[in-house]
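Novice: Build the 3D model from these lines:
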Amino acid sequence: MSGLPLPKMLRGPNFGLVLLLALFLVMLEWLFLTFVLNYDSEGGDISEYWRNSLHLGSAFEPHHMPGYPLAIAAVRGVLGNFLSPQAIMLAITLVSLSVAMTAVYRIAQFNLSPDKTWIGLLAVTLFVLWPLVGMTYVATPIADMFSMALLLLGWWLLLRERALPAAILLGLAIVSHKGMWPFAMLLMAGHIFTVKSAASFVVAGVMVLPIATLWILGTIHNGSPMWMFSADIDWAIRSHSSVPVLDGVVGSMLFGGLVGLVKGVIVLGVALLALAVLLKAWLFADDGETKWYSSAVALSVILSVLILNEEEIWAIVRFGRLLAVPLAMLYGTLLIRALRSNRGSVCGLGLGIAALFCSQLAFAYYMARVWAPDNYP
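Specialist: Numbers count the residues shown, from 1 in each chain. Below is the predicted model:
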């Protein structure tokens, strides 16, 4: 990238160093949460995942998918009691982050721009430092990063025309977190529209096979075909306000006080980013893969904004980080041009990255001292 006014040490970008820096920053936030804020990271969903990993029948409980607990059980089976529950789960999420970052970097490099290396690094940076939650939901080891790693790896394999292993990974993502359902299904739809062959429907069937098997076995175990969806209808989708859609945004902003207002504004910001991706993909994308896969991610976010209620609307921010890939692919070239033409833009980029990192610490403080006040020492 000749002509870009960046320090010499950055003109030969090294993804390995970026990966190590990201892992270091996540551990730094974990130390901040654990020893400075005294946050009880073994409570809530984290403890439920651990308990589910101890009992095979928990695979058929309606709230959490079994993929992450099974991974925990597998690691525990190999290591025994050598590591604590928190250490095992943190190790899984750190490995998952490494896989996810690698997939993000490779996916973004399918961009045809001559600056694809920098666009890849931009995508990785935005993915890791996604506002508020990028590192925070790795330092608190819930199923998000594990499921996104599988999804992103599947997406990468779709681009490499290895559809069968991609379908297997997308299927595993679906049985790892319900938040992956729209992303995986729409990415597969993008594959079907891109390839336009009968074989793509067979591949889609392979993707659906894990969740279909889980649903059949769960129906036998629970005695009801609705076992997988009943909790979500009541908890995540049923409207709590007078509007049939956008309940999450409207309810948060009208009835959630100052915190709800801020949450609603942040969710709307993510929705606007999704709309920006969708518009750019359909009007200016140079190839079908970029158009369809970028649209799949954007539509998944928009669909979630429309149907999720106030209880679950924050999931938009958590999984909205997948927009980092199409945002970098579609708008990264514009940023690089700005960096080339104006040295002040480099300072602005640095300040932006610093602000994103500080937002992680701010949200960690909110989690420990506001959202979970019982953890306050």
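Novice: got a list of what the residue lying closest to W156 once chain neighbours are set aside touches?
Specialist: Excluding the flanking residues, the one nearest W156 by CB to CB, 6 or more residues apart in numbering is A103, at 4.6 Å. C-betas here are computed from N, CA, C, even on glycine. The contact partners of A103, by CB atoms under 8 Å, 6 or more residues apart in numbering, come to A149, L152, L153, W155, W156.
Novice: How about the secondary structure of E310?
Specialist: In three-state terms, and counting by DSSP: H, G, I helix; E, B strand; the rest coil, E310 is coil.
Novice: Wait, it touches F255, no?
Specialist: Yes - E310 lies in contact with F255 (CB atoms under 8 Å); the separation is 7.4 Å.
Novice: Which one's more surrounded, those two?
Specialist: When neighbours are counted by other CB atoms under 10 Å, E310 and F255 differ, and E310 comes out ahead with 23 against 12.
Novice: any idea which helix or strand carries the residue lying closest to that one once chain neighbours are set aside?
Specialist: Nearest residue to E310 in three dimensions, chain neighbours excluded: G251, at 3.6 Å (CB to CB, 6+ apart). Applying DSSP states H and E as the criterion places G251 in helix 247-255.
Novice: need the next SSE after that helix, C-terminal direction.
Specialist: helix 257-284.
Novice: can you give me the offset of that next one from its chain's centre?
Specialist: Helix 257-284 sits 15 Å away from the centroid of its parent chain (CA atoms, centre = their mean, to the nearest Å).
Novice: what bits of the stretch 251-377 of the chain have low per-residue confidence?
Specialist: 285-286, 372-377 (pLDDT under 70).
Novice: swap the cut-off to 90 and go again
Specialist: The stretch 251-377 of the chain contains residues with pLDDT under 90 at 251-257, 259, 282-290, 309-312, 333-334, 336-346, 348, 369-377.
Novice: what does the model give K8 for pLDDT?
Specialist: With respect to pLDDT, K8 scores 40.
Novice: should've said H55
Specialist: pLDDT for H55: 88.
Novice: Could you report the separation of the closest residue to R238 other than its chain neighbours from L158?
Specialist: Leaving aside its chain neighbours, R238 sits nearest to N309 (6.3 Å; criterion: CB to CB, 6+ apart). From N309 across to L158, the span is 32 Å (CB to CB, to the nearest Å).
Novice: Could you do M253 as well?
Specialist: In this view, M253 and L158 are 37 Å apart by CB to CB.
Novice: of these two, who's got more company?
Specialist: L158 (26 against 19).
Novice: which residues touch that one?
Specialist: A166, L187, G190, H191, Y293.
Novice: Filter the residues you listed down to just the buried residues.
Specialist: Buried by 16 or more other CB atoms under 10 Å: A166, L187, G190, H191, Y293, out of those.
Novice: any idea which helix or strand carries the most centrally placed residue in the chain?
Specialist: Central residue of the chain (CA atoms, centre = their mean): F319, 3.8 Å from the mean position. In this assignment (DSSP H and E), F319 forms part of helix 315-319.
Novice: got the CA coordinates for that helix in CSV?
Specialist: The C-alpha trace of helix 315-319 is given here as CSV (Å, rounded to 0.1, in the frame of the first residue of the first chain):
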residue,chain,number,x,y,z
ALA,A,315,-28.8,-9.7,21.2
ILE,A,316,-28.8,-7.4,18.2
VAL,A,317,-25.7,-5.7,19.5
ARG,A,318,-24.0,-8.9,20.4
PHE,A,319,-24.5,-10.6,17.1
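Novice: Put the alpha carbons of the helix or strand just after it into CSV.
Specialist: Beyond helix 315-319 on the C-terminal side, the first helix or strand identified by DSSP H and E is helix 324-341. Provided in CSV are the C-alpha atoms of helix 324-341 (Å, rounded to 0.1, in the frame of the first residue of the first chain):
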residue,chain,number,x,y,z
ALA,A,324,-17.9,-6.1,10.7
VAL,A,325,-17.1,-8.3,7.7
PRO,A,326,-19.4,-6.7,5.1
LEU,A,327,-18.8,-3.2,6.5
ALA,A,328,-15.1,-3.6,5.9
MET,A,329,-15.6,-5.2,2.5
LEU,A,330,-18.0,-2.7,1.2
TYR,A,331,-16.8,0.5,2.9
GLY,A,332,-13.1,-0.3,3.7
THR,A,333,-11.8,1.1,0.4
LEU,A,334,-13.4,4.5,1.2
LEU,A,335,-11.6,4.6,4.6
ILE,A,336,-8.3,3.7,3.1
ARG,A,337,-8.6,6.4,0.5
ALA,A,338,-9.3,8.9,3.3
LEU,A,339,-6.2,7.6,5.1
ARG,A,340,-4.1,8.1,2.0
SER,A,341,-5.2,11.6,1.3
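Novice: Against which helices or strands is helix 324-341 packed?
Specialist: Judged by 3 or more CB pairs under 8 Å, 6 or more residues apart in numbering; DSSP states H and E, helix 324-341 is in contact with helix 85-108, helix 116-128, helix 257-284, helix 288-307, helix 343-366.
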